[in-house]
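Asker: Got a predicted structure plus its sequence, pasted below:
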Amino acid sequence: MLNWMSKDSVIGGIYGRPTTMANFLHFFAGGMALLKAAASGQTSSALWPLAVVYALFAAGFGLVAFRPAPLRQETKDQRR
């Protein structure tokens, strides 16, 4: 529901930070749980691809959430 309600906002901006953090925590916790289950060997091997996808999404949202914001460059019109 949070993702749907914030679909028009810029992800990674100050107003998109709660959405970014919620998605990061979801994919990080889910990825860790899937990796633990897949590594235990007691479940099917079909969990490995899902664990990799979750890990990739966690890494992506982690980059957006924790990297510094890019510096904004001024244009000629903004300097006047």
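Answerer: Arrived safely.

Asker: Could you tell me how many residues sit around L2?
Answerer: As a burial measure, L2 scores 11 neighbours (other C-beta atoms under 10 Å). C-beta here means a position set from N, CA and C on the backbone, and glycine is covered the same way.

Asker: Please verify my assumption that it contacts P18.
Answerer: Yes: applying C-beta atoms under 8 Å, one finds L2 in contact with P18, separated by 7.3 Å.

Asker: remind me which residues of the protein are low pLDDT?
Answerer: Residues of the chain meeting the criterion pLDDT under 70: 12-13, 69, 74-80.

Asker: which residue ranges form the helices in the chain?
Answerer: For the chain, the helices defined by DSSP state H cover 2-5, 17-40, 47-66, 76-79.

Asker: Distance check, the closest residue in space to T43 that isn't next to it in sequence against G30.
Answerer: Distances taken as C-beta to C-beta, 6 or more residues apart in numbering put A37 closest to T43, at 5.3 Å, once the chain neighbours are dropped. To G30, A37 is 11 Å away according to C-beta to C-beta, to the nearest Å.

Asker: likewise W48?
Answerer: Computed as C-beta to C-beta, the W48 to G30 distance reads 14 Å.

Asker: F28 is in contact with A51, correct?
Answerer: No: between A51 and F28 there is no contact under C-beta under 8 Å: 11.9 Å.

Asker: Which residue comes closest to the residue nearest the centre of the chain once chain neighbours are left out?
Answerer: For the chain, F61 is the residue whose C-alpha lies nearest the centre (C-alpha atoms, centre = their mean; 1.9 Å). Distance criterion C-beta to C-beta, 6+ apart; nearest residue to F61, sequence neighbours excluded, is F24 at 3.9 Å.
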